[in-house]
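Undergrad: Fold the following.
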Amino acid sequence: MKLRVIYFFLLLVSSFACEALQELETIDAVRHEAAYAFPLVNTDLRLEDFLDAYRQNGTLEMAEDGLLSFSYREEVFSQSGKDLLEEISAGFPKLIPVPEKITVLPAGLAGGIVFDRLDIAAGKLGYSFASAQRKPVTVVIRFPNIQSGGQVLQFSHTLPAWSGTGAFPVHSASPFDLSGYRILTPDGQFAIQYTATDADGVEVPLENFIVSFQDLIFSLAQGYLGQLLLQGDSGRLELDFFENRLNGEIAFASPRISLIADNGIGLPSRIGFDRFDVIGSDGTVKRLESQLTDGGVEVAYPLTIGTTANSSFVIDAENSNLTALLEGSPVAVDYSMNALINPSGDTNIRGFVSDTGDYKLAMELSLPFFGSLTDFVARDTLDMDFSAFSDFDRADFKLVTDNALPLALTLQGYFVDDSYRVLAALLDNPLPVVMAAPVDPGGVTTGRSSQTTLIPFDPEKFSAIQSATRLILVATFSSANDGLAVKIFDHQDLAIRMGVILSKFNQ
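TA: Next up is the predicted model:
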């Protein structure tokens, strides 16, 4: 975390241009010493500058009224329509014997699927047959349910007469490309028809008639498509907001988890929750309890091919124990969710899956900055170098703040060397350097608060930190009025003016 107020403080010790302290109240100089004034900081910080310090995985967002919040978004799972169609394609028969002149099969696939329409993106059709007739035979093969542009797929072939001995004459068709064809079975049946006519015009049977389908890929499947389970992988949503917290408490008054489903599959579905746990910084695991997670949630579905239905479900304080779970310092949400297509298994439900219709489920955790902080501690370690000021004996820093934020800041710091040995504390005691702005009972600020702080370094203390290479800063934040729930908006700011005087007793 970058504590921006402290960062500006540290900028001063790296400045070398001497100039008068402007826009600050006069700093009383120690008698008989030579004082050198170094550049000031005069800045106006918005809350986003502070919150960016916490933001790594999360996104800082602003509501219409300006209320700020952290949002963490995670894709739970994404199932493409193409993948589902591959599973459906895999259930289509590879070889179909044709023992009769009209062979009728139910329009069904593995898994209880009953299809009304299958659009073929790729794949081939092959077949072979033989004749045991002593006369030449003309064969016409029709696939009445396979069509393109309204035209039924059919083929014609001629076989020579059988000599009466040896193998029957055989025809093996080269694989025919079915791309762009459609299988339509409105009556629930899939038929293969043939007529074999000898030279005298008499219909005769064929021998060993086999039809094969190779490498079928569907672009659309329509009908009763059974129950399909979309199982997402187990996941973890990292909550880095609490990453630098040492102790203290933070409570969000209105956190929420949104589940966002984008469904391009034209069938009912239900989201199920296999696991949904909040992990604390101490490793404790707390289970989310909600009527939504108990029974699952029904997801809207599109009625027209090529469209997507959107659903959103909110888990909040009204329907769950989420607020209690997020007290303290949670570090992650562990989850595992699934979606069951056609959860009722109703065979009367006819829907569709297309290669352009995906099923996506995302989760978003929102932490609006309406809540309370009590002794919320954060720290940071910054590199520094005092070698440029080795000729000076002491320093006086003056900090003037004008605060519209409903947060107070108490500061302590420790100068350490390369071995992290503490050389001196920044302050004799932690100092409240920024007072919180006043707030009304609803947690909204009603004004600003101003404060001036002088931080002196006497010769002994200034000498002790000459070899310091780092400053470890520890800051404690608290809401106004001892932990009252407050609201933090984008327009709230902290105006900071700082200056430093480096002094030398003997020139």
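Undergrad: which intervals of the stretch 201-350 of the chain have sub-threshold pLDDT?
TA: Counting by pLDDT under 70, the stretch 201-350 of the chain contains low-confidence ranges at 240-251, 328-329.
Undergrad: can you give me the helices in it?
TA: 291-295, 322-325 (DSSP state H, counting those that start in this stretch).
Undergrad: Would you tell me which one of the ones you listed is buried the most?
TA: Between the helices of the stretch 201-350 of the chain, helix 322-325 has the highest mean count of neighbours, a mean of 18, where neighbours are mean count of other Cβ atoms under 10 Å. (Each C-beta comes from the backbone N, C-alpha and C, glycine too.)
Undergrad: Need the CA coordinates for it. PDB is fine.
TA: Provided in PDB are the C-alpha atoms of helix 322-325 (Å, rounded to 0.1, in the frame of the first residue of the first chain):
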ATOM      1  CA  LEU A 322     -22.600 -12.500   3.900                       C
ATOM      2  CA  THR A 323     -22.100  -9.400   6.100                       C
ATOM      3  CA  ALA A 324     -21.000 -11.500   9.000                       C
ATOM      4  CA  LEU A 325     -18.600 -13.500   6.800                       C
END
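Undergrad: remind me, longest helix of this structure?
TA: Using DSSP state H, we find that the single longest helix of the chain is helix 81-90.
Undergrad: Toward the C-terminus from that one, list the very next helix or strand.
TA: Later in the chain than helix 81-90, the nearest helix or strand by DSSP states H and E is strand 95-97.
Undergrad: Just checking: what are the partner strands of that following strand?
TA: Strand 95-97 sits in its sheet next to strand 207-224 (antiparallel), going by DSSP bridges.
Undergrad: The strand it pairs with vs helix 81-90, what angle?
TA: Strand 207-224 runs at 140 degrees relative to helix 81-90, counting by axes from the mean of the first three to the mean of the last three Cα atoms, to 10 degrees.
Undergrad: who does residue 153 bridge with?
TA: Counting by DSSP bridges, residue 153 is bridged to residue 143.
Undergrad: Output the helices of the stretch 201-350 of the chain as CSV; include the columns distance to residue 179.
TA: Shown next, in CSV, are the helices of the stretch 201-350 of the chain (distance: least, Cβ to Cβ, whole Å):
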stretch, distance to residue 179
helix 291-295, 44
helix 322-325, 51
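Undergrad: Show me the one of the ones you listed that comes nearest residue 188.
TA: When those are compared by Cβ to Cβ, helix 291-295 sits nearest residue 188, at 34.1 Å.
Undergrad: tell me which strands and helices that closest one is in contact with?
TA: Other helices and strands packing on helix 291-295, by 3 or more Cβ pairs under 8 Å, 6 or more residues apart in numbering; DSSP states H and E, are strand 269-280, strand 309-315.
Undergrad: now with 10 Å?
TA: The contact analysis (3 or more Cβ pairs under 10 Å, 6 or more residues apart in numbering; DSSP states H and E) places helix 291-295 against strand 256-263, strand 269-280, strand 309-315.
Undergrad: Show me the protein divided up by domain.
TA: Domain segmentation of the chain under automatic domain parsing yields 4-58+373-504, 68-81+229-368, 98-224.
Undergrad: among these, which is nearest residue 88?
TA: domain 98-224 (4.9 Å).
Undergrad: Would you mind measuring the gap between the ends of that closest one?
TA: End-to-end distance for domain 98-224: 26 Å, by Cα to Cα, to the nearest Å.
Undergrad: And stretch 94-114, by the same measure?
TA: Start-to-end, stretch 94-114 (Cα to Cα) is 17 Å.
Undergrad: So for that stretch, what gets flagged as buried?
TA: Applying a neighbour-count criterion of 16 or more other Cβ atoms under 10 Å, the buried positions in stretch 94-114 are 96, 98, 103, 107-109, 113-114.
Undergrad: Return the closest of the residues you listed with respect to residue 309.
TA: Set against residue 309, the nearest of the buried residues of stretch 94-114 by Cβ to Cβ is residue 113 (21.9 Å).
Undergrad: And the closest one, what's its pLDDT?
TA: Note for residue 113: predicted pLDDT of 89.
Undergrad: for residue 426, same thing?
TA: Note for residue 426: predicted pLDDT of 80.
Undergrad: Near the spatially closest residue to it that is not a sequence neighbour, how many other residues are there?
TA: The shortest distance from residue 426 to any residue other than its chain neighbours is 3.3 Å, reached at residue 413 (Cβ to Cβ, 6 or more residues apart in numbering). Counted with other Cβ atoms under 10 Å, residues neighbouring residue 413 total 22.
Undergrad: Residue 413 bridge partners, please.
TA: The partner list for residue 413 in beta bridges (DSSP bridges) reads residue 473.
Undergrad: My read is that it contacts residue 425, right?
TA: Yes. With contacts counted by Cβ atoms under 10 Å, residue 413 reaches residue 425, the gap being 7.0 Å.
Undergrad: just to revisit the earlier point, just the buried positions in the longest helix of the chain, please.
TA: By neighbour count on 16+ other Cβ under 10 Å, the buried set for helix 81-90 is 81-82, 84-85, 87-89.
Undergrad: Need those in TSV (columns: distance to residue 75 and pLDDT).
TA: Formatted as TSV, the buried residues of helix 81-90 follow (distance: Cβ to Cβ, whole Å; pLDDT from 0 to 100):
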residue	distance to residue 75	pLDDT
81	17	92
82	18	93
84	18	90
85	21	92
87	21	87
88	24	89
89	26	91
